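Participant: After the sequence you'll find the predicted model.
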Amino acid sequence: MINIEWKQPELILLDQTKLPTDIHYIRCTDWRQVAEAIKMLRVRGAPAIGVAAGYGLILAATEATQSNHPFSEQLSQFYEFAEELKETRPTAINLAWAVDRVLTLVKASISDNAITNGEALINLITKEAEEIHREDIALNHAMAKAGATLFEGQSNIRMLTHCNAGALATGGLGTALGVIRELHANGQLERVYADETRPLLQGARLTALELHEDGIPVTLQTDNMAAYAMQQGLIDAIIVGADRITTKGDVANKIGTYGLAVLAKHHNIPFYVAAPYSTFDFTLQDGKDIPIEMRMAEEVWNFHGIQTAPSDIGILNPAFDVTPHELVTAIITEQGVLKPDYEASIAELQSKVQK
Ligand SMILES: CSC[C@H]1O[C@H](OP(=O)(O)O)[C@H](O)[C@@H]1O
């Protein structure tokens, strides 16, 4: 399954809301289609929405430069479109990171008079969007290798994961699932316990699908079974992805992650987070300041058209929660494994990736 593919002049996205039963691709020729796909989680996963947004900017620039207006006005229109794309989901920093990376390059090229027309603008954005995608694929492989170092000498590993941090959440192998794939390839993995991950079931629909297709033994459990699995001694380690990590190591990830981290502490089970450098928010120290996306109520009282609760009651539907750094055993990145003191190890990461 191809998750995201740029085929000039279209961005082809696998509609993940229809998995695991239907393979349906969306052919985006308008940046608004990309924005809708991100908002409705047709494409989802922190790195993947960054990659998709990068390609969405090509479509935005194409529309903005089709008018007969002066290039300066076309650029203003492009910047407006870019901001709308950036605002589709607030928590995953990779979306803003990708848009800002392209905009920074565009503005620098404009000020150097390196681009003076629509064609040059589109070519510049296309190259950068493709580079963001290529980079994410490479980062996933490096992260998988780095994560496997935490399990040297171990075998028959039983791993619990939450939501989907796999190929469907990235441009490549996956973050958490990239490490899982590496351990499987090394013959070290016994089984993965996948939380179904209510309300949108990314674990059941996506992670179980990815692992099953790869021949990796997977056991699906409802989210409220995770505590039982740990209490019964079925879990050796937990590995999850992330949507935003602060400079002191607080981690925003899919709702339910914080509860797993508390349980892991209680049961003395290592709790690992896997994320590329583009998931770190080097401007934010405290996890309580991470904006948490509150999603639509019907995602909780309804699933695929089946009503599962009264529709006129109060509904709480935060898409993410924040795990304090004290509960995180290690953070796996493409640059290596970060361990406490996270302020120091994340500062070292920042110096490596921003030099
Ligand atoms: C590779 S990390 C992906 C990260 O994004 C998911 O959220 P969503 O499905 O709402 O985009 C989840 O938090 C994953 O851990």
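Facilitator: Sure thing, it's come through.
Participant: rest of the way, CA atoms for contacts and neighbours
Facilitator: Fine.
Participant: What helix or strand is Gln77 located in?
Facilitator: helix 71-86 (DSSP states H and E).
Participant: Likewise for Ala120?
Facilitator: Short version, using DSSP H and E: Ala120 is in helix 118-148.
Participant: That helix to helix 71-86, inter-axis angle?
Facilitator: If you take axes from the mean of the first three to the mean of the last three C-alpha atoms, to 10 degrees, helix 118-148 sits at 30 degrees to helix 71-86.
Participant: what packs against the helix holding Gln77?
Facilitator: Secondary-structure packing of helix 71-86 (3 or more C-alpha pairs under 8 Å, 6 or more residues apart in numbering; DSSP states H and E): helix 31-39, helix 46-64, helix 93-111.
Participant: same thing but 7 Å
Facilitator: The helices and strands touching helix 71-86, judged by 3 or more C-alpha pairs under 7 Å, 6 or more residues apart in numbering; DSSP states H and E, are helix 46-64, helix 93-111.
Participant: Show me the shaky parts of the stretch 151-300 of the chain.
Facilitator: For the stretch 151-300 of the chain, no stretch is flagged by pLDDT under 70.
Participant: I'd like to know which residues of it are adjacent to the ligand.
Facilitator: Residues of the stretch 151-300 of the chain found near the ligand (C-alpha under 6 Å from any ligand atom) are 163-165, 169-170, 174-175, 240-243, 253-254.
Participant: after the helix or strand hosting Ala264 comes which helix or strand?
Facilitator: Element membership of Ala264 [criterion: DSSP H and E] is helix 257-266. As assigned by DSSP H and E, the chain's next helix or strand after helix 257-266 is strand 271-274.
Participant: contacts for that next one?
Facilitator: Residues from elsewhere that reach strand 271-274 (C-alpha atoms under 7 Å, 6 or more residues apart in numbering): 175-176, 237-242, 261, 264, 328-333.
Participant: Select from these the one having the most neighbours.
Facilitator: Counting neighbours by other C-alpha atoms under 10 Å, the top entry in the contacts of strand 271-274 is Thr175, with 35 neighbours.
Participant: Quickly check the contacts of strand 271-274 for the two that are furthest apart.
Facilitator: Using C-alpha to C-alpha, the pair of the contacts of strand 271-274 lying farthest apart is Ala264 and Thr333, separated by 20.8 Å.
Participant: Make JSON lines from the helices and strands packed on helix 71-86 and add mean pLDDT to it.
Facilitator: As requested, those are exported to JSON lines (pLDDT from 0 to 100):
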{"stretch": "helix 46-64", "mean pLDDT": "98"}
{"stretch": "helix 93-111", "mean pLDDT": "97"}
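Participant: Name the stretch among the ones you listed that sits most buried.
Facilitator: helix 46-64 (a mean of 28; mean count of other C-alpha atoms under 10 Å).
Participant: helices and strands around that helix, which ones?
Facilitator: Other helices and strands packing on helix 46-64, by 3+ C-alpha pairs under 7 Å, 6+ apart, are helix 31-39, helix 71-86, helix 93-111, helix 118-148.
Participant: The helix holding Gln77 to helix 93-111, inter-axis angle?
Facilitator: On the basis of the same axes, to 10 degrees, helix 71-86 is oriented at 170 degrees to helix 93-111.
Participant: Report the angle between helix 71-86 and helix 46-64.
Facilitator: Orientation check (the same axes, to 10 degrees): helix 71-86 against helix 46-64 gives 150 degrees.
Participant: mind checking the SS state of the residue located most distally from the centre of the chain?
Facilitator: Distance from the centre of the chain peaks at Asn68, with 37.8 Å (C-alpha atoms, centre = their mean). Under DSSP: H, G, I helix; E, B strand; the rest coil, the three-state class of Asn68 is coil.
Participant: and Leu19, backbone torsions?
Facilitator: With angles defined as degrees, to the nearest 10, Leu19 sits at phi -80, psi 150.
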